[in-house]
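*Asks:* just need the structure, nothing else, for what follows:
(2 chains)
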Protein chains: 2
Amino acid sequence: MDHLIDAPAAMRCESRVFEDGGNVTASVSLEPGQRLRVIKFVAHGWSSQRSLNSVRDQVWAALTGARQAGWDGLLSAQRAYLDDFWSRADVEVHGDVEIQQAVRFGLFHVLQAGARGEERPVPAKGLTGPGYDGHAFWDTEAFVLPALTLTAPEAAASALRWRHKTLPVARQRAAQLGFAGAAFPWRTITGQECSGYWPAGTAAFHVNADIAAAVVRYVDATADEEFARAEGIELLVETARLWRSLGHHDGEGRFHIDGVTGPDEYSAIADDNVYTNLMAQHNLLAAAAAAEKYPDRARELAIDAEESAGWRDAAQAMFIPYDEALGVHPQAAAFTRHQTWDFAGTPAENYPLMLHYPYLDLYRKQVVKQADLVLAMQARPEAFTAEQKARNFDYYEALTVRDSSLSACTQAVIAAEVGQLSLAFDYLGEAALIDLDDLQHNSRDGVHIASLAGTWIALVAGFGGMRHVNGLVSFTPRLPEGITRLAFALLMRGHLLHVEVTHKSARYLLADGDPLEIEHHGQRLTLSAGQQQEQQIPHLARRPRPSQPPGREPSHRTAGTSQSG
Amino acid sequence: MDHLIDAPAAMRCESRVFEDGGNVTASVSLEPGQRLRVIKFVAHGWSSQRSLNSVRDQVWAALTGARQAGWDGLLSAQRAYLDDFWSRADVEVHGDVEIQQAVRFGLFHVLQAGARGEERPVPAKGLTGPGYDGHAFWDTEAFVLPALTLTAPEAAASALRWRHKTLPVARQRAAQLGFAGAAFPWRTITGQECSGYWPAGTAAFHVNADIAAAVVRYVDATADEEFARAEGIELLVETARLWRSLGHHDGEGRFHIDGVTGPDEYSAIADDNVYTNLMAQHNLLAAAAAAEKYPDRARELAIDAEESAGWRDAAQAMFIPYDEALGVHPQAAAFTRHQTWDFAGTPAENYPLMLHYPYLDLYRKQVVKQADLVLAMQARPEAFTAEQKARNFDYYEALTVRDSSLSACTQAVIAAEVGQLSLAFDYLGEAALIDLDDLQHNSRDGVHIASLAGTWIALVAGFGGMRHVNGLVSFTPRLPEGITRLAFALLMRGHLLHVEVTHKSARYLLADGDPLEIEHHGQRLTLSAGQQQEQQIPHLARRPRPSQPPGREPSHRTAGTSQSG
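*Replies:* Reported below is the predicted structural model:
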């Protein structure tokens, strides 16, 4: 029979570990066939501000609660928490058991990193390792929160409340740099800028618009008015103020944002980065809309009609460069005119490039570390025509080396949108298996939380074709050969929307709540609670597969397994 | 009577200082009215390569020579050396005793820094102080050598031979950066790059073209075939190779140099900096011409017809941006489209700007630390029309804050060229008196050698209007009110050309040698040795004086004195 050391003994054990960091010894006499089971309750407390006594009290209270709940009680509470999460968040992938496992592995780590409820940042490595010194980046708002917002919105709110708590530091930083509003840091734990290399750190101002986009996405998805009125508007307004002071109008009235760095870390300090300008435009309009919606809060934040008109004007006048000759958007002004990197002359062992070539040379040439213009097409889908998306995608595929883990999932999403389903499937595999297969040989430093969240994004926004623009959720579902069925759910304003996709059709089921308008491949549908609607998947006109830089093609994926290309 | 300690005693004194670093004590009994005179011979030797014994032998030899020459011998040798220098180099300035003193003070320091004959670099502080850690910059070739080449050409040759000696390191650096040819360092003592901030260091590749221009200027002025064949061609060729690999052709066949930093340190990492592109163009053509002139050397340097054709093609196709709407050259691509610095909102105590604002903000805006496009107009005068020069000068005057000592002399030269004589006089005062009046409050760190050489440049190239293009020396002399007579001489191919300017006329006298063609205000003259020619100064159409950023106007200068503006 199991021998259970009684609760007081376990408590003593805890108290000794807590106070001494030492060992505990238990002496028990067992008869043959008997087993000893030791149940050990561990509580962890930490604070950068409270006293030792306060932290100790917190830990003792947690241990007392654990003792009362007991092992089985804790287990069932944890199981109930996760069952609840999986009932909303699970993604079912038929036809590829590796991807099925990987998306669940990813979601578990994303939840664990994001749902601690402490209003702390979500670090780039989650809770799993010392990589990046525990720092958080734009990864949180741009990759992790899109998944959390629609599956565990309270965790997304917690992460955004952490950003809001750091506003005073961000305001100081903006003032230090000579700008209005708030300038959030490129990498941080407590809100202060921890990047020492400003061309690829502070100059990457897009992090501010990424935060604003996460606010808009969260409020759209949850209708959390309390957050929108309290923290949301302030985050939108202070970042809009930054953009208004960072950019300027030219003589012909066009608004430019000069000398900043976009997502691609193989470029820096460029004018009119398209991703940055489009995100700033969205940020400015969202701030103006929030000021209009909450006039009392607008007064408290000292926004007058002139200021919000200035935001709308700048957004309206935002300059988006376009290369008419090539028919593509340059990632930033003049990008497509620059020399193309000598990919043919770059041996395989010289990747990642940043370990073998100076930034001086990388910055001056057309070579892309990670999705930048392609990410813009995901984040602001309405700003591009379908033809532009297809041409842009082809163009940047030939330049993108994916020396960053923040790329494959985005390339999967846009590949799927432009009909490159097999290529999208390859990129999905790379995003999903980055840690399970240790593709970058650095998972010992911790998992790549953004790429793991990116697995969900690649499935839901890629093969599900989910977009969320101006409050409308739309889908353009289409599966690759390797997946026979994809099912996921989104939590929209507290109600679950189930989506199930096969090669032939998609089924939409709103679990409960008021009727919901959605779009399926451009067609409006009104979903009523409990009534499933099935829609056919339109025929896809095949286009030639674009090429990547030599040796940088993603591994070709066949269902359930990846093969080295 | 003077009491002279005999030579052997002096020698012992030297030997004790040399070997022990200690003191020497002399006991002498003096009667009332008698004086003791101690003559102490000091020799200094140093080497980074030779043995202590070798250096010691060198010093002993120098002391032995000094003992044989004696005090009077040394004094007269030194006097003869300087008399010879002044006979060529002296600039006579009537009407302004301060400038008269300053140009001589400057020339003395320039000579002392440059004429040591050791094939060592000319540091930014000359031999006078610890500023910049003794490092040499482009200051040498761009500011110091223009003066030395026409007054003490053997010193210019020595400085260029030092550069040549560092070619192996510069070749390694180019290879390290992924380029062909040689990449000379931004700051150095031994030839290795000592700048740790690459956007304002290594990226300022124009230093390579500045070196090439100094080679061309030296060979043009001296016809030193031995140098041209040995070191000159190699410097031209290796820098041309750098430019050819650094730049590239666009789809329309234009040659661009992207992502580099020009002279202005308030900009960085820009495309098609006009100064850089024009200097690179000159460099490429000079290398091709040298290869054509010395076919045997070209073979030794592995230059074939394709390579030199590639240089000529790149030079021919060099893209020079021009802002049609404003009718001015942008300093670099898109510069004139950027936001203008908020000069009105910048208090006087916030200058120099780099101590009060982040480079992140300075780089993105129209604000100029030091002459850049204006320097291009001095260095490549034939690349601009007179109207462009006048418009460009006005445009950049309004943006230039002169937070660098490498600016006033250049502004003086172009101000004089475009007829702004009073403004040129003000800038001359600033360049000339930078150390005598300690205008930047840092002369304790050493004198500003480039600005001191710039005094000569402002007088000779400014009010003398001297230019030296494709072997032809031309003059457009015109004096400001504060100077009544300016006289200087240039050593052209070993023969002195005397120039004397008043408000009414200029007189040219070739001391000896073959007839020399020159230009006076666009008119060709052939000077025969010993026959002075006098030419009238044409009438000047007055234009409005351009404005500078508020508070950054140069001090207004009236003859012989400066007054705070």
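*Asks:* show me what the longest helix seen in chain A packs onto, helices and strands only.
*Replies:* Assignment by DSSP state H gives helix A:52-89 as the longest helix of chain A. If contacts are counted by 3 or more Cβ pairs under 8 Å, 6 or more residues apart in numbering or on different chains; DSSP states H and E, helix A:52-89 sits against helix A:7-20, helix A:97-114, strand A:485-492. For every residue, glycine as well, the C-beta is placed using N, CA and C.
*Asks:* for that helix, give the mean pLDDT please.
*Replies:* In this model, helix A:52-89 has an average pLDDT of 93.
*Asks:* return the set of buried residues in it.
*Replies:* Buried residues in helix A:52-89, defined by neighbour count with 16 or more other Cβ atoms under 10 Å in any protein chain shown: A:Gln58, A:Val59, A:Trp60, A:Leu63, A:Ala66, A:Arg67, A:Phe85, A:Arg88, A:Ala89.
*Asks:* ok, and the closest non-adjacent residue to the fifth one?
*Replies:* Read that as A:Ala66. Of all residues not flanking A:Ala66 in the chain, A:Phe41 sits nearest, at 4.4 Å (Cβ to Cβ, 6 or more residues apart in numbering or on different chains).
*Asks:* I'd say the one you found and A:Leu63 touch.
*Replies:* Yes. Counting by Cβ atoms under 8 Å, A:Phe41 does reach A:Leu63; the two are 5.5 Å apart.
*Asks:* which outside residues touch stretch A:300-312?
*Replies:* With contact meaning Cβ atoms under 8 Å, 6 or more residues apart in numbering or on different chains, stretch A:300-312 is reached by A:233-234, A:237, A:240-241, A:243-244, A:284-285, A:287-288, A:291-292, A:298.
*Asks:* mean confidence for it?
*Replies:* Regarding stretch A:300-312, the rounded mean pLDDT is 98.
*Asks:* roughly how far does the residue of the stretch 101-250 of chain A found nearest chain B sit from A:Phe319?
*Replies:* Here the stretch 101-250 of chain A gets closest to chain B at one residue, A:His248, 4.0 Å apart by Cβ to the nearest Cβ. Remark: distance between A:His248 and A:Phe319 (Cβ to Cβ, to the nearest Å) = 11 Å.
*Asks:* neighbour count for those two, which is higher?
*Replies:* A:Phe319 (21 against 18; other Cβ atoms under 10 Å in any protein chain shown).
*Asks:* give me the nearest residue to that one, chain neighbours excluded.
*Replies:* For A:Phe319, ignoring the flanking residues on the chain, the nearest one in space by Cβ to Cβ, 6+ apart is A:Arg254 at 4.2 Å.
*Asks:* does the one you found touch A:Gln316 like I think?
*Replies:* No. If you go by Cβ under 8 Å, A:Arg254 and A:Gln316 don't touch, sitting 10.2 Å apart.
*Asks:* overlap in contacts of these two?
*Replies:* With contacts taken as Cβ under 8 Å, 6+ apart, not a single residue reaches both A:Arg254 and A:Gln316.
*Asks:* where does the stretch 51-200 of chain A dip in pLDDT?
*Replies:* Where the stretch 51-200 of chain A drops to pLDDT under 70, the residues are A:117.
*Asks:* what does it put close to chain B?
*Replies:* A:Gln176, A:Leu177, A:Gly178, A:Trp198, A:Pro199 (Cβ under 8 Å from any Cβ of the partner chain).
*Asks:* and the residue nearest the centre of chain A?
*Replies:* A:Phe143 (1.1 Å; Cα atoms, centre = their mean).
*Asks:* ramachandran coordinates for that residue?
*Replies:* Backbone torsions of A:Phe143, given as degrees, to the nearest 10, read phi -120, psi -40.
*Asks:* the nearest residue to it once chain neighbours are set aside sits in which helix or strand?
*Replies:* For A:Phe143, ignoring the flanking residues on the chain, the nearest one in space by Cβ to Cβ, 6+ apart is A:Ala450 at 3.7 Å. Using DSSP states H and E, A:Ala450 maps to helix A:449-457.
*Asks:* which residues touch that helix?
*Replies:* Contact with helix A:449-457 is made by A:91, A:99, A:102-103, A:105-107, A:109-110, A:113, A:122-126, A:139, A:142-144, A:146-148, A:151, A:405-406, A:408-410, A:412-413, A:428, A:431-432, A:434-435, as judged by Cβ under 8 Å, 6+ apart.
*Asks:* so what's the residue nearest to A:Phe319 scoring on pLDDT?
*Replies:* A:Arg254 carries a pLDDT score of 98 in this model.
*Asks:* now do the contacts for it.
*Replies:* Neighbour list for A:Arg254: A:Ala317, A:Met318, A:Phe319 [criterion: Cβ under 8 Å, 6+ apart].
*Asks:* against chain B, how distant is the residue nearest to the first one when sequence neighbours are not counted?
*Replies:* Spatial nearest neighbour of A:Ala317, chain neighbours left out: A:Phe255 (4.1 Å); criterion: Cβ to Cβ, 6+ apart. Spatial separation of A:Phe255 from chain B under the definition Cβ to the nearest Cβ, to the nearest Å is 11 Å.
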